[in-house]
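Visitor: need a 3D model of the sequence below.
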Amino acid sequence: MESSFPVPGSKARRDSLLKCQAGILVTEDLKQAFEHCRNKVKRLASECREGNRKYRDLEFDLLEDKETCLHRLGYNRQSPRYQPDDVRRITEMVKNPQFFVDDATASDICQGKLGDCWFLSALAVVATTTHVINKICVEKDEEVGIYGFIFWRDSGWAEVIIDDLLFTKIPPWNSLPPGDRAMFRNDKRTYNTRARQGLFENLYFAKSKTDNETWVPLIEKAYAKLHGDYESLEGGFTSEGVEDLTGGVSTIIYTRDILDTDKFWEEELLNVGKDRLFACFTPGTTPGASEKDLTAIDGDENQGLISGHAYSIIKAINFNRIRNPWGRKEWSGPWSDGSEQWNEPWTEELRKALGDDELRPYKFGDDGEFVQEYTDFLDCWEIIERSRLFNEDWKMSSQWLAMPPDAHLTPWSLGDLSCKYVATLSQVGILTIHQVTVDIVSETDASAKEPKETVIVLAQRDKRYFKELAGPYLWSMDFVLYRRGDKLPITRSVHSTLWDRSVKLEVKLAPGRYIIHVSGCAFRYRSRQFLRIQAGSIRLQTERSSCRSAKLA
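Guide: The predicted structure follows:
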């Protein structure tokens, strides 16, 4: 029979399409960021070779500064959340480490002890676009143990350089009790050879299912360094991770808000892996939790799906191929692995179409990947995270706006901007910024009146890397777009969730001058916060009702 499903083409055909595909956002500083990162890695690697030593990252030193790399400011020193047993180099655990083994695929990724399922789901959906994931690691020297990465942060590309030291969960020989040593005939070499070899069994945080493949734990480590520590990656939106990996623009969509589900399928989900990437989840009480945190939850209550946990949408062709970053625990409803729906002869074509390519069809197994029909997909998931990628045809411009940190804001101006603060109740305020001017310019006379596809984003700084210093307010933002001189707005920003990092709008605009009116709602969520000096170290603490007096707080 003829297949009604599009089967993936050959690698040569896919490579021929890369030039027109969307990917990492190309900005003026991208080339500069690539060159600077590449040159710095090469220089540091050369210095290490001259000194006959491997690279050690003193800015993020897992050996000498373990707790700072693991935990945020103000963590509980008596009962730290993360307690890895050791720190080892990749080359101590595998003889032939490779960043990618047969290219990066979503099925490589396995979540560890860290509750960063949202970021690993972002990594999984980005891995479906090989030309994008290959650019995140700019330069590396695996023998020296140095790797350079770039991430999108706060409207620009930031470089991160790390070594190959990673936290592990297998203790060193000196920490073993006598009974455990006896299991290895009291021989340290036997213990290290049998119990402490291989990345999959050893690594404390994320790892790849291929034992000598390193891209998953190293990108996670670089992202943790970008934000100061591993704990800062606890909980988040997959869409934010995709933005940080690609420079794309993300939107949160509630499935109950979709007007025409057929149109959403045709215009959105069928573009997965092209210029759009998707993730999905259902809110729960433990957002971003690790598998350890959710062991008490009986996943079968929701047919194998975990609430508060992010999943990646890998492929869409009448059916959705979805992945759990744990690398296990799957959907058990219709079209689950081995279910009766797969008994029809035509499903062989479906498996080919859902695979990575014609040689790697979709396969059954407890690997975290599963298939859902579109109707089941809409019933199971409350939120879809949609990220749009851009190709080299797009041009970007940005402007930063300063906001007074004082809770009692005062009038100020910046260019043609002005703002005022209106107090409402004791914990909520409204900030309004008037007349942000945007010019849509025609590059040629022929397109002088032709509407241009435009994406407008209003974003606040990423507070993940200074969360304890971010102040007592959460901000939720919106904006309205006017053509200059018109009294009625053209449209407004798409807003789905309160306190989101950004709001955005996709619209076609003819060349001309436009005005954006911005409003923000501030909610005070921290009441008492102060600095303490204790035992000779300065650390931030949040004091709650346990204070003996308000004066002391």
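Visitor: now residue 153, which residues is it bridged with?
Guide: residue 156 (DSSP bridges).
Visitor: residues touching it, list them.
Guide: 226, 244, 462 (C-beta atoms under 8 Å, 6 or more residues apart in numbering). (Glycine included, C-beta is placed from N, CA and C.)
Visitor: check it and give its pLDDT.
Guide: If you check residue 153, the pLDDT there is 92.
Visitor: state the distance from it to residue 464.
Guide: 9 Å (C-beta to C-beta, to the nearest Å).
Visitor: same check, this time on residue 396
Guide: 22 Å.
Visitor: who's more crowded, those two?
Guide: The neighbour count for residue 396 versus residue 464, taken as other C-beta atoms under 10 Å, is higher for residue 464 (21 against 13).
Visitor: my guess is the more buried one contacts residue 236. True?
Guide: Yes: contact criterion C-beta atoms under 8 Å: residue 464 and residue 236 qualify, at 7.3 Å.
Visitor: where does the chain dip in pLDDT?
Guide: 1-22, 285-301, 358-359, 402-435, 442-448, 470-472, 496-499, 523-553 (pLDDT under 70).
Visitor: what comes up buried for the longest helix along it?
Guide: Assignment by DSSP state H gives helix 30-50 as the longest helix of the chain. Using 16 or more other C-beta atoms under 10 Å as the test for burial, helix 30-50 gives 30, 33-34, 36-38, 40-41, 44-45, 48.
Visitor: using PDB, list the CA coordinates for it.
Guide: Presented in PDB, the C-alpha positions along helix 30-50 are these (Å, rounded to 0.1, in the frame of the first residue of the first chain):
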ATOM      1  CA  LEU A  30      27.000  36.100  17.000                       C
ATOM      2  CA  LYS A  31      30.100  35.900  14.800                       C
ATOM      3  CA  GLN A  32      32.100  37.800  17.400                       C
ATOM      4  CA  ALA A  33      30.900  35.500  20.100                       C
ATOM      5  CA  PHE A  34      31.900  32.500  18.100                       C
ATOM      6  CA  GLU A  35      35.300  33.800  17.300                       C
ATOM      7  CA  HIS A  36      36.000  35.000  20.900                       C
ATOM      8  CA  CYS A  37      34.900  31.700  22.400                       C
ATOM      9  CA  ARG A  38      36.800  29.600  19.900                       C
ATOM     10  CA  ASN A  39      40.000  31.600  20.200                       C
ATOM     11  CA  LYS A  40      39.800  31.600  24.000                       C
ATOM     12  CA  VAL A  41      39.400  27.800  24.200                       C
ATOM     13  CA  LYS A  42      42.300  27.300  21.800                       C
ATOM     14  CA  ARG A  43      44.500  29.700  23.800                       C
ATOM     15  CA  LEU A  44      43.700  28.000  27.100                       C
ATOM     16  CA  ALA A  45      44.200  24.500  25.700                       C
ATOM     17  CA  SER A  46      47.600  25.600  24.300                       C
ATOM     18  CA  GLU A  47      48.600  26.900  27.700                       C
ATOM     19  CA  CYS A  48      47.600  23.600  29.300                       C
ATOM     20  CA  ARG A  49      49.600  21.600  26.800                       C
ATOM     21  CA  GLU A  50      52.700  23.700  27.400                       C
END
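Visitor: would you put the C-alpha positions of the following helix or strand past that helix in CSV?
Guide: Scanning forward in sequence from helix 30-50 by DSSP states H and E, the next helix or strand is helix 66-70. Extracted C-alpha coordinates of helix 66-70, given in CSV (Å, rounded to 0.1, in the frame of the first residue of the first chain):
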residue,chain,number,x,y,z
LYS,A,66,31.8,22.2,45.6
GLU,A,67,29.0,23.7,47.6
THR,A,68,29.0,27.0,45.7
CYS,A,69,28.8,25.1,42.4
LEU,A,70,25.9,23.0,43.7
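Visitor: paired strands for the helix or strand that helix 66-70 is followed by, with orientation please.
Guide: The first helix or strand that comes after helix 66-70 along the chain, using DSSP H and E, is strand 86-89. Strand pairing for strand 86-89, determined by DSSP bridges: strand 165-168 (antiparallel).
Visitor: okay, now the domains of the protein?
Guide: For the chain, the structural domains run 21-111+128-243, 246-388, 412-530, going by automatic domain parsing.
Visitor: turn those into JSON lines, columns for distance to residue 401.
Guide: Below are these laid out as JSON lines (distance: least, C-beta to C-beta, whole Å):
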{"stretch": "domain 21-111+128-243", "distance to residue 401": "12"}
{"stretch": "domain 246-388", "distance to residue 401": "18"}
{"stretch": "domain 412-530", "distance to residue 401": "6"}
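Visitor: which one is the residue most central in space within the chain nearest to, not counting chain neighbours?
Guide: Nearest to the mean C-alpha position of the chain, counting by C-alpha atoms, centre = their mean, stands residue 241 at 1.8 Å. Once flanking residues are discounted, residue 241 sits nearest to residue 122: 2.8 Å by C-beta to C-beta, 6 or more residues apart in numbering.
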